[in-house]
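Participant: Mind folding the following:
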Amino acid sequence: MIFNRISIEGFGCIGKKITINFPIEGKIGIFGNNESGKSTFFDSIEFALFGKSSKTKEEMINWNKEKLQISLDFTSGDKSYRIERVLSQKSHNAKLVELINGQPAGKEITTVTEIHENVEDILGLDRESYSKLIYIRQKELDALKGLARTKRTELVNKVMGIQIFDDALKRVKDDYKKEQSEIDALQKELEYIKRDHDKYEGRNKEVENLRGDIEPIELKIKELIEEMSTLKSELEKHANAKECMNKQEILKSKISERDIITKQIDEEKKNQLNFDTYKKFLTPEFEQNYKMIDKCYNELKKQEEDIKSEEEKIKQKQKEIPEKTIDEPKTKQKSSSNRNIGIICIIIGGITLAMLPISPLLIIPSIVLFVISASFLRRWKKLQNELKIQIEKFAPAQRVIKERQGDLELLNDKLENTKVEYELESSNDAKRKLDEFNKEISEKLSAENLEAAKGIMINLDSNSDEGEIEKLENEKSSVDDNIKKLESDIDDHKKSFPTTYNIENAAKEFEETEKLMEKARSSRNLEDNNLTQKNTRITTLEEECKNLKSNYEIYPAKLDEVKEKENSNDLLDYVSDQFKRISTQQRELVLPQAEITINDFLPVITNSRYSNLEISEDLEFTVYVQETNGFKKRDVFSGGTQDQFLIALRLAFTKSILDNRIRADEYSFFMDEPISSSDEIRKAGIFELLNKVKSTFKQIFIVAHENISDDVDYHLKLRRDSDGFTEIELKSWK
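Facilitator: Residues are numbered from 1 along each chain as shown. Alright, predicted model coming up:
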């Protein structure tokens with residue numbers, strides 16, 4: 001990748017159009033004061049290539065312009081291209097076209113996305129590879145170390161061109177997955193076909209076995225048919241004997257039936273006779289007398305029981321009153337006498353007192369009479385209190401006794417009336433008469449009492465039917481006719497047999513033969529069913545085989561197809577391993593070669609002070625220090641020395657990658673302020689080092705603050721014009 005020409009307008013501080021035709025080889029120095037547009041120049045190249053920048057859109061488009069325009073001509077391999085970009089706040093338009101003899105030729109690509117893809121393919125670099133390897137920005141010397149190992153591997157693969165192996169590996173893996181998916185689908189299909197294949201073989205085998213089973217079954221059926229034919233002849237031979245024996249059995253049954261009917265007729269007649277007897281005996285008058293005596297007995301018995309119960313209740317109440325109680329009539333009489341005597345004594349005493357004026361001596365008799373009167377009145381009051389207490393205490397019991405005694409008198413009166421009504425003395429007398437009635441019923445009707453006799457009579461009445469007797473006699477007559485006919489038929493059968501013919505034995509032989517016949521028939525049915533089932537099964541299996549045959553026939557071909565796919569996948573797996581191995585081998589060349597290269601660069605850039613640096617997989621490094629006879633980590637060195645190491649590392653690493661790149665090309669290299677922290681000796685070392693990498697980097701751009709025209713092959717000095725825009729102050733080539 002060599003840059004031939006660039007035209008810039010409206011990009012950052014490059015507000016006015018600048019067009020530069022670059023030397024195609026050598027060290028090209030770009031210098032000028034701060035903010036003169038040196039880094040902007042590099043950023044514009046990056047934006048032209050990739051359509052992206054580390055700056056924002058507002059930073060890229062000049063403050064005095066509505067849009068920026070860039071046109072970049074570059075060569076990659078043996079082809080040249082022009083890429084043009086126009087960026088505004090609202091749009092981004094681009095165009096990529098191949099150049100032949102400096103003029104556009106072929107189809108223009110105008111889609112931003114398509115341009116991006118084509119630029120990456122043309123350069124073999126994406127923006128990240130470009131910024132990490134080709135373009136060393138100010139203060140980004142250690143950018144490679146910041147990349148994750150997988151990202152750095154991807155970058156190395158892409159720049160070296162061995163990404164084609166990764167892409168091929170990806171395609172192989174995709175093909176492998178696709179093939180594996182097809183294999184999985186085929187295996188599922190094969191599994192289904194194999195099931196049908198195995199079923200087909202199994203069904204055919206089963207048909208073969210069934211056909212082998214059918215032959216003995218058919219032979220067995222044939223034997224049974226012959227056996228049944230022989231047995232049929234024997235059955236016909238003894239059929240008359242069996243028929244005769246059957247008729248004898250029927251005759252026995254008919255005789256038994258006749259006996260039963262005769263017995264039923266006798267029972268019916270007996271029932272009729274008994275009913276007549278009951279009907280004559282159980283007259284309405286007899287029933288009336290019986291019921292009257294029965295009623296009398298029940299009433300007398302109840303009344304006697306009621307009287308007895310009432311007497312018991314009275315006795316029980318009387319027990320509640322104590323035996324030693326005052327005699328109420330005597331007490332009343334005695335109380336009345338005391339009261340009367342007391343009153344008389346008071347009257348006489350009053351009269352005596354009235355006579356005192358006449359005879360004063362009567363005072364003593366008056367006092368005596370009043371004393372006596374008081375004594376009798378006291379006794380009267382005491383007796384009255386005793387009567388009152390007794391009446392209050394036992395009055396309820398005496399009242400109940402009195403009431404029950406009244407009820408008892410009524411019951412006795414009722415009992416006497418009943419006796420008079422029925423002309424009986426007691427319930428025992430009524431019971432005796434009732435027993436006489438029951439005895440008569442028992443003797444004449446064999447029943448326990450009138451109720452039982454009436455029940456029997458009702459039953460006899462319901463069971464007695466003169467029409468039933470006639471019906472039974474008709475049935476008996478019919479059975480008699482059947483018996484006579486059977487006897488006649490049996491005689492005829494016996495006459496048809498030889499004299500010495502044993503009918504009973506012949507009939508038994510018939511029965512045995514019939515059993516054998518039934519057994520043979522049952523076996524025949526079983527064998528027929530078995531044969532039918534097997535034939536049906538064969539038909540079903542043959543029908544299934546028709547449906548399975550297509551899969552059975554394609555199974556070998558499908559199996560070969562699966563094996564072919566598996567072999568193809570094995571080959572893809574092998575190819576995948578080869579791509580992976582080649583990619584790894586190529587990539588593993590970078591770090592060792594970079595270490596060799598950097599150790600070649602170290603004496604040059606460090607004025608022979610350091611010559612041995614070791615790099616780890618993660619791009620950490622240690623440097624051999626002669627004074628300490630050992631390796632030291634980078635952190636122990638000064639910032640300027642570390643920058644020397646990092647410049648050497650970046651150049652060595654990038655050179656190693658590009659030297660091992662599969663696609664042949666010439667390269668440009670950009671260094672932004674590589675000598676800013678270097679003294680004259682270190683500065684001289686850096687430029688000497690850049691001379692050593694000319695074989696890899698044909699075109700090297702170096703940005704610096706100071707004038708480096710003596711250290712480079714070509715130089716370009718930039719400055720700001722009166723409008724603040726970048727302009728070319730000096731250019732050393734035409």
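
Participant: Every contact and neighbour count from this point should use C-alpha atoms.
Facilitator: Fine.

Participant: since we're on G37, how many residues are nearby?
Facilitator: Residues lying near G37 (other C-alpha atoms under 10 Å) number 24.

Participant: S568 versus S181, what's the distance?
Facilitator: Note on S181: its distance to S568, by C-alpha to C-alpha, to the nearest Å, is 13 Å.

Participant: So between these two, which is more surrounded?
Facilitator: Higher neighbour count among S181 and S568: S568, with 15 against 12, using other C-alpha under 10 Å.

Participant: Quick check: chain neighbours aside, which residue is closest to that one?
Facilitator: Nearest residue to S568, sequence neighbours excluded (C-alpha to C-alpha, 6 or more residues apart in numbering): E179, at 8.0 Å.

Participant: Make sure that neighbour is actually in contact with K565.
Facilitator: Yes: contact criterion C-alpha atoms under 8 Å: E179 and K565 qualify, at 6.9 Å.

Participant: Would you mind splitting the chain into its domains for me?
Facilitator: Following automatic domain parsing, the chain resolves into domains at 2-166+587-731, 171-237+504-582.

Participant: now these in a markdown table, with distance to I483 and mean pLDDT?
Facilitator: Putting those into a markdown table (distance: least, C-alpha to C-alpha, whole Å; pLDDT from 0 to 100) gives the following:
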| stretch | distance to I483 | mean pLDDT |
| --- | --- | --- |
| domain 2-166+587-731 | 117 | 83 |
| domain 171-237+504-582 | 20 | 83 |
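
Participant: Just name the most buried of these.
Facilitator: Of all those, domain 2-166+587-731 has the most neighbours on average by mean count of other C-alpha atoms under 10 Å, namely a mean of 18.

Participant: Mind giving me the packing neighbours of the one helix or strand K515 maps to?
Facilitator: Taking DSSP states H and E as the definition, K515 sits inside helix 503-588. Judged by 3 or more C-alpha pairs under 8 Å, 6 or more residues apart in numbering; DSSP states H and E, helix 503-588 is in contact with helix 149-160, helix 163-237, helix 239-281.

Participant: closest one to I647 among these?
Facilitator: Minimum separation from I647 across these (C-alpha to C-alpha) falls at helix 149-160, 17.8 Å.

Participant: follow-up on the earlier one: out of the helices and strands packed on helix 503-588, which is closest to H493?
Facilitator: Comparing these under C-alpha to C-alpha, the one sitting nearest is helix 239-281, at 6.3 Å.

Participant: Just the angle for the closest one relative to helix 503-588, thanks.
Facilitator: Counting by axes from the mean of the first three to the mean of the last three C-alpha atoms, to 10 degrees, helix 239-281 lies at 110 degrees to helix 503-588.

Participant: Please pull up the helix or strand immediately following helix 239-281.
Facilitator: Next in sequence after helix 239-281, counting helices and strands by DSSP H and E, comes helix 284-318.

Participant: contacting residues around S7?
Facilitator: By C-alpha atoms under 8 Å, 6 or more residues apart in numbering, the contact list for S7 reads 17-20, 69-72.

Participant: before we move on, what SS does it have?
Facilitator: Following DSSP: H, G, I helix; E, B strand; the rest coil, we place S7 in the strand state.

Participant: now E421: how far from E305?
Facilitator: For E421, the distance to E305 equals 19 Å [C-alpha to C-alpha].

Participant: Phi, psi for I675 please.
Facilitator: I675 has phi and psi values of phi -110, psi 10 when expressed as degrees, to the nearest 10.

Participant: ok, now W63?
Facilitator: Torsion angles at W63 (phi, psi; degrees, to the nearest 10) stand at phi -60, psi -20.

Participant: same deal with E35?
Facilitator: When read as degrees, to the nearest 10, the backbone of E35 gives phi 60, psi 30.

Participant: Please apply the same query to the one 4 residues further on.
Facilitator: Main-chain dihedrals, S39, degrees, to the nearest 10: phi -70, psi -30.

Participant: Kindly report the same for F22.
Facilitator: Phi and psi for F22, reported as degrees, to the nearest 10, are phi -90, psi 150.

Participant: quick revisit: can you say which of the domains of the chain is nearest to N449?
Facilitator: Closest to N449 of the domains of the chain, according to C-alpha to C-alpha: domain 171-237+504-582, at 58.8 Å.

Participant: Could you give the separation of the closest one from the chain centroid?
Facilitator: Put simply, domain 171-237+504-582 sits 38 Å off its chain's centre (C-alpha atoms, centre = their mean, to the nearest Å).

Participant: Now name the helix or strand holding the closest residue in space to D126 that isn't next to it in sequence.
Facilitator: Spatially, and ignoring its direct neighbours in sequence, D126 is nearest to E120 (5.2 Å; C-alpha to C-alpha, 6+ apart). According to DSSP H and E, E120 maps onto helix 112-123.

Participant: how about N64, what does it touch?
Facilitator: 10, 15.

Participant: from the contacts of S7, which two are the most distant?
Facilitator: Using C-alpha to C-alpha, the pair of the contacts of S7 lying farthest apart is I20 and Q69, separated by 14.2 Å.

Participant: returning to that earlier point: in strands, which of the contacts of S7 fall?
Facilitator: Using DSSP state E, the members of these that fall within strands are 18-20, 69-72.

Participant: ok, of those, which one's closest to F47?
Facilitator: When these are compared for distance to F47 (C-alpha to C-alpha), I70 wins out at 8.6 Å.
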